[in-house]
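Trainee: Let me see the structure of the following:
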Amino acid sequence: MTPNIPANIRAGIDRVQRIALTVGVIGLALCLIQLFLKPTAFFQSWLFAYLYWNGMVLGSVGILLMHNVVGGNWGVVIRRIAEAAASTIPITFLGLIPVLLSVHTLYRWSNHDWVQSHPAVHIKLSYLNVPFWIGRAFIYFAILGVIAWRLRSLSIQQDRTGDAGIQARMRAFSAPMLVLFTLTGTFAFFDWIMSIEPEWYSTMYGAMFLVGQVLEALSFCVVVMFLLSGSKPFAGLLKIQHYHDLGNLMLAFTMLWAYTSFSQFLIIWSGNLPDEIPWYLRRFDGGWGFIGWFVSIFHFFVPFVLLLMRFVKKNPRLLFRVAAWMIFVRLIDVYWVSMPGLRRNGYTFEWTDVVAPIGLGGVWLWFFLYRLKSRPLLPLHDPRLGYHELDTPVVQDTPGFRELGYGGNS
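Mentor: Below is the predicted model:
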């Protein structure tokens, strides 16, 4: 049995794993039916689902790098959760294969005849061509894979040896890798999302999407931490200050997402150029417009107001609900950003828009939990874990797995 994981928590994780895998396999099987019935609709839904779940991986890598650079006790309690999410890169790499195979279906710049009639896209062919596009995808995953592997390797060494110098090695590695990670994520989103509409461009686009992915992963870490908080090793160690710090970080990334999103909108609105404004006109037309206003209100205004309130950030249950909502609303935002460029004749809904994220997400969650339970839930020799005697403990009324039917308190 893995140390630092009580039997009841392991049993709960095992049960959730089985449910996630079952749901995931059923969802993927249904997607295969759509692949034969309406392949274009399947590939569109799959790209949307892939972008969302890959965001969990990229965002988790970003959280680990950021925490190693800036420090802080907030990251210690979610480190293993972020490490487990970052190590699911094999699943998202496999998930990219249908996207690569459908390049001629999803990306109009891959159609030679279409490009010839669009001079603004034709001049981009040195960058937007299928061999180079696929090659860059492999490069992106190679970079992210090496970063995630190295971070996990250093963490394992710290657990095994307790060497105090490993913390400095993590920081020295993470500082330059944080820059490389930002560039990699930015260009990946240029390739996978922005190039859906190759006649349009925005230098703010990659940063906007990357910030949203980090917010998505951070919210996921908060949700998992809350569910584990009722049992050891989290019980008795998690403090109000941990939740407060994580809530402040969620607020910061919510504001940064709004800043990058609004800056992009303001620049395009003030320029009012015919090759730029169609991106927003399409996303605020008809049914897409309702989704756009939903994202504007519930992705920024509502979470912003809630996370400004100190009592929300210091109440584990309330912060858990805000984080769970952010996970959901991030899904809606990815849908709103990606789908109008694929379905250009107005709002169209396909049932795989729901099934594909559930299917891929079920398999991803199964593998995430497998990676989570393979290591102690908290770092064994992180010096920052020793400060907790000074703080006020959280009242242990969090449900965790016990109220969900997965075992008693430890």
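Trainee: and Leu21, how many neighbours does it have?
Mentor: Taking other Cβ atoms under 10 Å as the criterion, the count of residues near Leu21 is 17. Using the backbone N, CA and C atoms, a C-beta is placed for each residue, glycine as well.
Trainee: do the one 10 residues further on as well
Mentor: Around Cys31 there are 21 other residues, counting by other Cβ under 10 Å.
Trainee: Looks like it contacts Asp353 (just checking).
Mentor: No - taking contact to mean Cβ atoms under 8 Å, the distance of 10.8 Å between Cys31 and Asp353 leaves them out of contact.
Trainee: who touches both of those two?
Mentor: Both Cys31 and Asp353 are in contact with Ser45, where contact means Cβ atoms under 8 Å, 6 or more residues apart in numbering.
Trainee: Please identify which helix or strand holds the nearest residue to Ala217 once chain neighbours are set aside.
Mentor: In space, Ala217 comes closest to Gly59 once its chain neighbours are excluded; the distance is 2.7 Å by Cβ to Cβ, 6 or more residues apart in numbering. Using DSSP states H and E, Gly59 falls within helix 39-70.
Trainee: Asp113 too?
Mentor: Using DSSP H and E, Asp113 falls within helix 112-116.
Trainee: who's in contact with that helix?
Mentor: Around helix 112-116, the neighbours that count as contacts under Cβ under 8 Å, 6+ apart are Arg108, Trp109, Val121, His122, Leu125.
Trainee: Let's see that with 6 Å instead.
Mentor: The contact list for helix 112-116 (Cβ atoms under 6 Å, 6 or more residues apart in numbering) reads Arg108, Trp109, Val121, His122.
Trainee: Save those as TSV, and put in distance to Arg282 and pLDDT too.
Mentor: As requested, those are exported to TSV (distance: Cβ to Cβ, whole Å; pLDDT from 0 to 100):
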residue	distance to Arg282	pLDDT
Arg108	14	93
Trp109	17	94
Val121	17	89
His122	22	86
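Trainee: from those residues, which would you call buried?
Mentor: Applying 16 or more other Cβ atoms under 10 Å to the contacts of helix 112-116, the neighbour count classes Arg108, Trp109, Val121 as buried.
Trainee: Filter these down to just the ones in helices.
Mentor: Where the buried ones among the contacts of helix 112-116 overlap with helices, as defined by DSSP state H, the overlap consists of Val121.
Trainee: Relative to the whole chain's centre, how far out is stretch 279-289?
Mentor: Once both centres are worked out by Cα atoms, centre = their mean, to the nearest Å, stretch 279-289 turns out to sit 24 Å from its chain's centre.
Trainee: Which residues does it contact?
Mentor: Contacting residues not belonging to stretch 279-289 are listed as Trp200, Gly292, Pro340, Gly346, Tyr347 [Cβ under 6 Å, 6+ apart].
Trainee: let's go with 7 Å and repeat that
Mentor: With Cβ atoms under 7 Å, 6 or more residues apart in numbering as the test, stretch 279-289 has contacts from Glu197, Trp200, Phe265, Ile268, Gly292, Trp336, Pro340, Arg344, Gly346, Tyr347.
Trainee: Report the spatially closest residue to the last one, excluding sequence-adjacent ones.
Mentor: Distances taken as Cβ to Cβ, 6+ apart place Gly287 nearest to Tyr347, at 2.9 Å, with adjacent residues excluded.
Trainee: the inter-axis angle of whatever helix or strand Thr182 lives in versus helix 39-70?
Mentor: Using DSSP H and E, Thr182 sits in helix 166-192. Note on geometry: by axes from the mean of the first three to the mean of the last three Cα atoms, to 10 degrees, helix 166-192 and helix 39-70 are set 150 degrees apart in direction.
Trainee: Quick check: buried residues in helix 166-192?
Mentor: For helix 166-192, burial by neighbour count (16+ other Cβ under 10 Å) applies to 166-167, 170, 173-174, 177-178, 181, 184-186, 188-192.
Trainee: My read is that Phe42 contacts Cys31, right?
Mentor: Yes - using Cβ atoms under 7 Å, Phe42 and Cys31 qualify as a contacting pair, with a distance of 6.1 Å.
Trainee: Can you pull out the low-pLDDT segments for the stretch 301-410 of the chain?
Mentor: Counting by pLDDT under 70, the stretch 301-410 of the chain contains low-confidence ranges at 386-410.
Trainee: residue boundaries of the helices in it?
Mentor: In order along the chain, the stretch 301-410 of the chain carries the following helices (DSSP state H, counting those that start in this stretch): 302-308, 310-313, 316-342, 352-372.
Trainee: which residues sit in contact with the residue lying closest to Pro303 once chain neighbours are set aside?
Mentor: In space, Pro303 comes closest to Thr254 once its chain neighbours are excluded; the distance is 5.2 Å by Cβ to Cβ, 6+ apart. Thr254 sits next to Leu215, Phe300, Pro303, Phe304, Leu307 when contact means Cβ under 7 Å, 6+ apart.
Trainee: how distant is the helix holding Gly59 from the center of its chain?
Mentor: The gap between where helix 39-70 is centred and where its chain is centred comes out at 4 Å by Cα atoms, centre = their mean.
Trainee: list the helices and strands the helix or strand following it packs on?
Mentor: Reading on from helix 39-70 to the C-terminus, the next helix or strand found by DSSP H and E is helix 79-86. Identification of packing neighbours for helix 79-86 by 3 or more Cβ pairs under 7 Å, 6 or more residues apart in numbering; DSSP states H and E yields helix 39-70, helix 130-161, helix 205-228, helix 352-372.
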